[in-house]
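>>> structure of the sequence below:
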Amino acid sequence: MDIKDYLEQKRDDVDRFLDSVMPSATTAPTTLHESMRYSLMAGGKRVRPILAIATAEAMGQPAPGLMPIACSLELIHTYSLIHDDLPAMDNDTLRRGRPTLHVVAGEGMAILAGDGLLTEAFALMAREHGGDDPAFDALHAHNPKGLFVEAPTTTVALSAETAKAAGKDASWLFIQTAQKVTFDGKTLTLKNVSPSVVMFTDRPKRAAEAMPTATFIKDWGIKGKNSFGANPPNAGLTSIVDGKLQTATVELKQPHLDGTTLTFQARAIEGTPPTSGGTSSIFIDGGCNMGNPHNC
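Presented below is the predicted three-dimensional model:
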């Protein structure tokens with residue numbers, strides 16, 4: 001087989017694998033998954049996963065076992081392209097011959113889709129491990145739920161369908177976006193927040209749902225000891241400030257929603273939250289069995 005045929009065959013293999021492991025565009029939250037797929041399946045050359053596969057084959061490792069690791073490189077690469085194209089970065093409007101994601105879906109959704117692809121890359125490596133690695137197998141046997149740290153519990157109510165799909169031991173991540181964030185040392189203020197909070201889990205099973213922000217805040221303190229009110233969560237905060245990415249970890253308490261402005265009493269744990277900033281995404285650690293909190 002000549003190099004041209006080899007590259008074409010491997011590119012097709014990579015495309016099929018990526019299509020099979022990524023959520024469909026009709027899976028809730030549909031806007032997020034459609035945005036992730038818009039950039040990922042835009043027809044790249046797949047040089048990075050192909051190089052990984054070719055190197056493995058040269059060393060006697062069959063390609064099927066390497067596909068999750070190789071394709072995670074493409075997820076990371078696509079995430080970097082999405083964020084590099086943002087208005088606060090290179091402000092590019094074309095990528096691979098068509099409009100960039102922030103032009104199509106908005107800057108906030110582009111940031112969120114990039115973050116989702118980056119997170120999915122590491123989840124894919126852990127979830128789809130296909131090689132023969134005794135150290136990995138021993139570690140996974142010790143923690144059969146996967147290579148993840150359990151998050152604090154909470155009791156925000158899911159639809160019965162999503163709760164069933166996720167399974168009783170699901171550990172959740174809540175994602176909220178805003179057009180502006182400020183922190184005065186005590187109060188974290190998110191302005192022009194998204195009307196919905198995205199809930200996502202892929203352990204032990206993949207499931208996602210979008211719930212109204214007002215409902216999420218209303219349920220913050222329900223069920224006492226199993227609530228965010230009783231066990232304040234940590235949250236990762238990513239912001240674009242003066243064209244630069246800024247990250248911080250904060251503890252959140254006492255949320256209050258007034259129209260499209262969401263405030264928390266907050267304590268900085270790591271990094272420095274922006275005193276004034278632009279588009280922001282906040283990632284709140286969730287917990288187990290959201291559909292039936294009594295089993296947490």
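
>>> same for the helix or strand containing E270, what does it pack against?
Per DSSP states H and E: E270 is located in strand 261-271. Contacts defined by 3 or more Cβ pairs under 8 Å, 6 or more residues apart in numbering; DSSP states H and E place strand 261-271 against strand 171-183, strand 187-193, strand 244-258. (Glycine included, C-beta is placed from N, CA and C.)

>>> worst mean pLDDT among these?
The weakest mean pLDDT among the helices and strands packed on strand 261-271 belongs to strand 171-183, with a mean of 81.

>>> what angle do it and strand 187-193 make?
100 degrees (axes from the mean of the first three to the mean of the last three Cα atoms, to 10 degrees).

>>> let me know the angle separating strand 171-183 from strand 244-258.
100 degrees.

>>> returning to that earlier point: avg pLDDT for the strand holding E270?
In this model, strand 261-271 has a mean pLDDT of 92.

>>> in this protein, which helix or strand is least confident?
Lowest on mean pLDDT, DSSP states H and E among the helices and strands of the chain sits helix 134-142, with a mean of 40.

>>> just the strands in the stretch 1-150 of the chain please.
Assigned by DSSP state E, counting those that start in this stretch, the stretch 1-150 of the chain shows strands spanning 94-95, 98-99.

>>> format the ones you listed as TSV; extra columns: mean neighbour count and mean pLDDT.
Listed next are those as TSV, based on neighbours: other Cβ atoms under 10 Å; pLDDT from 0 to 100:
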stretch	mean neighbour count	mean pLDDT
strand 94-95	14	91
strand 98-99	14	92
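
>>> could you dump those strands to a markdown table with distance to V250?
A markdown table is the format used below for the strands of the stretch 1-150 of the chain (distance: least, Cβ to Cβ, whole Å):
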| stretch | distance to V250 |
| --- | --- |
| strand 94-95 | 33 |
| strand 98-99 | 34 |
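
>>> of all those strands, which lies closest to A214?
For A214, the closest of the strands of the stretch 1-150 of the chain is strand 98-99, at 32.5 Å, according to Cβ to Cβ.

>>> now do the closest one: everything it contacts.
Under the criterion Cβ atoms under 8 Å, 6 or more residues apart in numbering, residues A42, T93 lie in contact with strand 98-99.

>>> one step back: of the helices and strands packed on strand 261-271, which is nearest V21?
strand 171-183 (18.1 Å).

>>> the closest one pairs with which strands, and in what direction?
Neighbouring strands of strand 171-183 in its sheet, by DSSP bridges, are strand 187-193 (antiparallel), strand 196-201 (antiparallel), strand 280-288 (antiparallel).

>>> need the ones you listed in JSON lines with distance to P49, can you?
Shown next, in JSON lines, are those (distance: least, Cβ to Cβ, whole Å):
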{"stretch": "strand 187-193", "distance to P49": "36"}
{"stretch": "strand 196-201", "distance to P49": "24"}
{"stretch": "strand 280-288", "distance to P49": "27"}
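
>>> quick one: closest of those strands to V250.
So among the strands paired with strand 171-183, strand 187-193 is nearest, using Cβ to Cβ, at 6.3 Å.

>>> specify the beta-bridge partners of the nearest residue to A178 once chain neighbours are set aside.
Leaving aside its chain neighbours, A178 sits nearest to L190 (3.7 Å; criterion: Cβ to Cβ, 6 or more residues apart in numbering). Assessed by DSSP bridges, L190 has beta-bridge partners V181, L262.

>>> just checking, L190 touches A266?
No - using Cβ atoms under 8 Å, L190 is not in contact with A266, being 10.5 Å away.

>>> one step back: so which of the helices and strands packed on strand 261-271 is the most surrounded?
Comparing the helices and strands packed on strand 261-271 by mean neighbour count (mean count of other Cβ atoms under 10 Å), strand 171-183 ranks first with a mean of 21.

>>> could you pull out the helices for this structure?
In the chain, the segments counted as helices under DSSP state H are 3-21, 30-40, 47-58, 63-84, 101-105, 107-127, 134-142, 160-166, 213-218.
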